[in-house]
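[1] test case, fold it:
(one chain, ligands or ions: 1)
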Amino acid sequence: MDFKLTEEQMLLKEAFRDFARAEVAPHAAAWDEEDHCPVELFSKLGELGLLGIFVPEQYGGVGLSHTERVMGLVEIARYSAGLAMFIFTHQLGMAAILDFGTEEQKANYLPDMCAGKTICGLAVTEPGGGSDVAGQKTTAKLVDGKWVINGRKCFITNSHIADITIITCKTGENDKGRALFTAIAVEKGTPGFQPGREEHKLGLKGSVTGELILNQVAVPEENVIGKVGGGTSIAMKEIGEVGRASMTAICTGICRGCLEESVKFANDRVLYGKPISKLQAIQFHIAENRLDYETSELLLYKAASVKEEGFPATAEFSMAKYFSTEAAVRASKRTIELMGGYGVIDEYPIGRFLRDAMASISSGGTSEIQKIIIAGDTLKKYS
Ligand SMILES: Cc1cc2nc3c(=O)[nH]c(=O)nc-3n(C[C@H](O)[C@H](O)[C@H](O)COP(=O)(O)OP(=O)(O)OC[C@H]3O[C@@H](n4cnc5c(N)ncnc54)[C@H](O)[C@@H]3O)c2cc1C
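    Residues are numbered from 1 along each chain as shown. This next block holds a predicted model:
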């Protein structure tokens, strides 16, 4: 058991932190206030290597792993959870292509995505199918060598800005009558494919969330990612591992923000002739913020290491996601209280942290869904 980062990881972490301080921190409040998604930063994120850090060099990536990827996301999310959301959803679509795509699809799509020249997304959720994945109604039918897609997706990150979206569609049923879904890459500008309503969210502003409308959208047969009928496995693997790891990274970043802001405020704010950091009740808040941050981080890297060793890590990522999202809500509420009246003033970022943390709970599956996964695994392992 080794809790140390390698020298390369330490250097990377520093590079990500420097980037976040220089390019993200100064603008994070304005992106939130203006609900602006900073697409203008995307090519710089490509140059930094973060977008394709987990992608092999032959496809334009850095050739490292998801561990280094989440390390970068934590640093970005420390200042802007919304930007981290935008980046990770792009990576979620890329991961589906990398893990399940053909050689041609990888060579065709991944280099520009690593460079930040094109934006990717993954669309599963529908009005009747969020937690209930089998409730998806979007269909794809093979007609004269093309998949013709009809339906509507909702709550999709990067909906209005993605160049390529991996969309799960119902393509048939198995012999027990259960719906089979297929993942299909749909490019922006394909006739009949357009974004619908753009949502205005409580938090995670700085990322775009909205509907996708598909009306007789015809795409080549070779746009299928993985096997026909294999879409649910692709969605479950990528959301279960890449998606939940990323939501954990985002919430770990929020927790670190709470920790740093609470320490700074408690040292600066003088009451009764001394900083409030001398008051034991304030120290209790700081201790709890530290625990929420470090526990989230530990669960994140534990789950990531299980995945890197090639073992299934679904329950580990569910534990990390559940704990960290709830921890981020707790830590931001606690930090607001520690700051007294200042905590609710917009000049400080804590109100934004609370909104971002709340908005993180359902993305990648709600807390109830995570607990169902954890309980299922526990009942198997401990019975
Ligand atoms: C900011 C944001 C970004 C998102 N980005 C994407 C994206 O890029 N792509 C994508 O496909 N989706 C995306 N989503 C959708 C997200 O995955 C869904 O919101 C999530 O799966 C929950 O689905 P739902 O919102 O339909 O809630 P519902 O499934 O309708 O749940 C409603 C309530 O019922 C509870 N519930 C549901 N089933 C059970 C059960 N079996 N037992 C106990 N309680 C249950 C839930 O916990 C919740 O409290 C995003 C969501 C958000 C908020």
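[2] distance check, the closest residue to the ligand within the stretch 51-200 of the chain against Val219.
    Per Cβ to the nearest ligand atom, the residue of the stretch 51-200 of the chain with the smallest distance to the ligand is Gly130, at 2.0 Å. Bear in mind the C-beta positions are built from the backbone N, C-alpha and C, glycine included. Gly130 is 24 Å from Val219, where distance means Cβ to Cβ, to the nearest Å.
[3] ok, those two, which is more surrounded?
    Neighbour count, other Cβ atoms under 10 Å: between Gly130 and Val219, Val219 has more, with 21 against 17.
[4] helix, strand or coil for that one?
    Secondary structure assignment for Val219 (DSSP: H, G, I helix; E, B strand; the rest coil): strand.
[5] tell me how far it lies from Ser65.
    31 Å.
[6] and Ala304, by the same measure?
    For Ala304, the distance to Ser65 equals 8 Å [Cβ to Cβ].
[7] between those two, which is the more surrounded one?
    Neighbours were counted for Ala304 and for Ser65 using other Cβ under 10 Å; Ala304 has more, 25 against 15.
[8] what is the neighbour count of the residue lying closest to the more buried one once chain neighbours are set aside?
    Spatial nearest neighbour of Ala304, excluding adjacent residues (Cβ to Cβ, 6 or more residues apart in numbering): Thr67 at 4.5 Å. The burial metric for Thr67, expressed as a neighbour count using other Cβ under 10 Å, is 20.
[9] cool, and the one 5 residues further on?
    Gly72 sits with 29 neighbouring residues when counted by other Cβ under 10 Å.
[10] what number of residues lie near Ala359?
    Other residues lying near Ala359 total 21 when counted by other Cβ under 10 Å.
[11] for it, pull up the helix or strand it's in.
    Using DSSP states H and E, Ala359 maps to helix 350-360.
[12] for that helix, what is the average pLDDT?
    In this model, helix 350-360 has an average pLDDT of 98.
[13] who are the packing partners of that helix?
    Taking 3 or more Cβ pairs under 8 Å, 6 or more residues apart in numbering; DSSP states H and E as contact, the helices and strands that helix 350-360 lies on are helix 28-34, helix 81-100, helix 244-268, helix 314-338.
[14] residues making contact with that helix?
    The set of residues that contact helix 350-360 without belonging to it, under Cβ atoms under 8 Å, 6 or more residues apart in numbering, is 28-29, 32, 81-82, 201-204, 247, 250-251, 254, 257-258, 261, 325, 328-329, 331-333, 335-336, 339, 343-344.
[15] can you narrow those to ones near the ligand?
    Residues of the contacts of helix 350-360 in contact with the ligand (Cβ under 6 Å from any ligand atom): Lys201, Leu204.
[16] run the chain-centre distance for stretch 1-20.
    20 Å (Cα atoms, centre = their mean, to the nearest Å).
[17] which parts of that stretch are buried?
    When neighbours are counted by 16 or more other Cβ atoms under 10 Å, the buried residues of stretch 1-20 are found to be Leu12, Lys13, Phe16, Arg17, Phe19, Ala20.
[18] who's in contact with Ile149?
    Applying Cβ under 8 Å, 6+ apart, we find Ile149 in contact with 138-140, 167, 169, 184, 186, 193, 214, 216-219.
[19] how far off centre is the helix or strand where it lies?
    Here Ile149 sits within strand 146-157, counting by DSSP H and E. With Cα atoms, centre = their mean as the basis, strand 146-157 stands 20 Å off its chain's centre.
[20] again with stretch 276-286
    Using Cα atoms, centre = their mean, the mean C-alpha position of stretch 276-286 is found 33 Å from that of the whole chain.
[21] ok, residues contacting it?
    Around stretch 276-286, the neighbours that count as contacts under Cβ under 8 Å, 6+ apart are Leu259, Ser262, Val263, Ala266, Asn267, Arg269, Val270, Leu271, Arg334, Thr335, Glu337, Leu338.
[22] for the residues you listed, pick the one with the most neighbours.
    Each of these was scored for neighbours by other Cβ under 10 Å, and Thr335 scores highest at 30 neighbours.
[23] how about the residues of this structure near the ligand?
    Contact residues of the chain with respect to the ligand, defined by Cβ under 6 Å from any ligand atom, are listed as 89, 121-125, 130-131, 155-157, 201, 204, 209, 359, 362-363, 365-366, 368-369, 372.
[24] which ones among those map onto helices?
    Judged by DSSP state H, helices contain the following of the residues of the chain next to the ligand: Thr89, Ala359, Glu368, Ile369, Ile372.
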